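Enquirer: 3D model of this:
(one chain, ligands or ions: 1)
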Amino acid sequence: MTPLIPLPFDQRTGWLWLDGEFVEWGNARLHVLTHGLHYASSVFEGERAYSGQVFRLEEHTQRLLESARILDFEIPFGAQEIECATHALLNKNSIVDGYIRPIAWRGSEQISTAARASRIHLAIAAWEWPRYFDKSAHQAGISLQTAVWRRPPPCSSPFNAKAASHYMIATLSKHAAERNGFDDALMLDWRGQVAEATSANLFFVRDRELHTPLPDCFLNGITRQAVIALASSLDLRVIERAILPEELCQFDECFLTGTAVEVCPVGRIDDHRYQKFKLGKALANAFREQTITHKKELEHVM
Ligand code: PMP
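Expert: Okay, the predicted model is just below:
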């Protein structure tokens, strides 16, 4: 099932934050000879606001700054400026619960693989986006099809950066899965081990144990880390390890974690079906609860 997209993004209205200023949505334009477009020299974040507060904003901002450094550029704004701009943008657009997309990229000064003279830009957009998959998929569990493309080895891709360049194979894989009637793709890694979905991490449940692939060649998601921390409060054992495709039929439950999908049940991977979403549901509820607690904690500090 495809995500709900009510209006093309360039036709929306509201405000964006671009290089230190608010600009009207429709006026946030780039030149076609932008390095970020030609050579994928861009890094971004996906964040969610719950009741007006951005969940783990500091961690997302640090990851954004670090992703840029990994791609050999420095974002010309500090963490505090970015965080203030994010909240100001939410206020200006009257968004209380929504998704936030900061993106930094190399400009149009140089078109060549070397581009150290390029100006670095930063934009932040925000919009209301209640769900990544549609409601019925979220309730019944989404379906994944194993992709042909694989996550590359760490020596071939700076996997810790949330960089646009990583998403080419994600798009190809998700298109193929959707064409075959699935919601998303399961990506294996270069060794053939289970890695993640196209934009979310993966967990399996057996007895009271959570099994999840070691993030040694893909993003160690902020939601993944939050769910691992929550699992201990529910007396669940978390085992981070190599998981092989042959093991998929040995688990009782499966779910995804990510800023966009939150904690989302998986009902099927290829021909394997997962009928239950019990511990996953408990974790999904605990995660939701944490987004509220997070807000209360912030209120307490302020
Ligand atoms: N893997 C990939 C490839 C992603 O794009 C995302 C979404 N950022 C994740 C995992 C989950 O990360 P997070 O929980 O930080 O959103």
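Enquirer: count of residues packed around the closest residue to the ligand within the chain?
Expert: Closest residue of the chain to the ligand, CB to the nearest ligand atom: G221 (2.6 Å). From N, CA and C alone the C-beta is placed, and that goes for glycine too. G221: 23 surrounding residues under other CB atoms under 10 Å.
Enquirer: For V194, which non-adjacent residue is spatially closest?
Expert: I243 (4.3 Å; CB to CB, 6 or more residues apart in numbering).
Enquirer: Check for me that F133 belongs to a strand.
Expert: No - F133: not assigned to a strand; according to DSSP: H, G, I helix; E, B strand; the rest coil it is coil.
Enquirer: quick one: average pLDDT of the helix or strand hosting L90?
Expert: According to DSSP states H and E, L90 maps onto helix 79-92. In this model, helix 79-92 carries a mean pLDDT of 98.
Enquirer: in it, what's buried?
Expert: I82, E83, A85, T86, L89, L90 (16 or more other CB atoms under 10 Å).
Enquirer: So what touches stretch 30-43?
Expert: The contact list for stretch 30-43, computed with CB atoms under 8 Å, 6 or more residues apart in numbering, reads 64, 67-68, 70-71, 73, 103-111, 113, 115, 118, 121, 161-165, 168.
Enquirer: didn't A242 look like it was pressed against P215?
Expert: No - A242 is beyond contact range of P215, at 11.6 Å (criterion: CB atoms under 8 Å).
Enquirer: re the thing from before, tell me, how many residues neighbour the residue nearest to V194?
Expert: 21.
Enquirer: try the one 10 residues further on
Expert: Applying other CB under 10 Å, we find 22 residues neighbouring E253.
Enquirer: Comparing A242 and P215, which residue is more hemmed in?
Expert: Legend: neighbour count by other CB under 10 Å for A242 and P215, higher for P215 (17 against 13).
Enquirer: Check the secondary structure at the more buried one for me.
Expert: coil.
Enquirer: residues touching it, list them.
Expert: Going by CB under 8 Å, 6+ apart, P215 touches N201, G221, R224, E240.
Enquirer: ok, now L172?
Expert: A147, W149.
Enquirer: and what of V261?
Expert: Going by CB under 8 Å, 6+ apart, the list of residues near V261 reads Y132, F133, A197, S199, A200.
Enquirer: again with N93
Expert: Residues near N93 by CB under 8 Å, 6+ apart: G14, W15, A126, W127.
Enquirer: what about the last one, how many neighbours?
Expert: Neighbourhood size, W127 [other CB under 10 Å]: 16.
Enquirer: let's number from 34 now, not from 1
Expert: OK, 34 is where the count begins now, so the last one is W160.
Enquirer: Okay then, goodbye and thanks.
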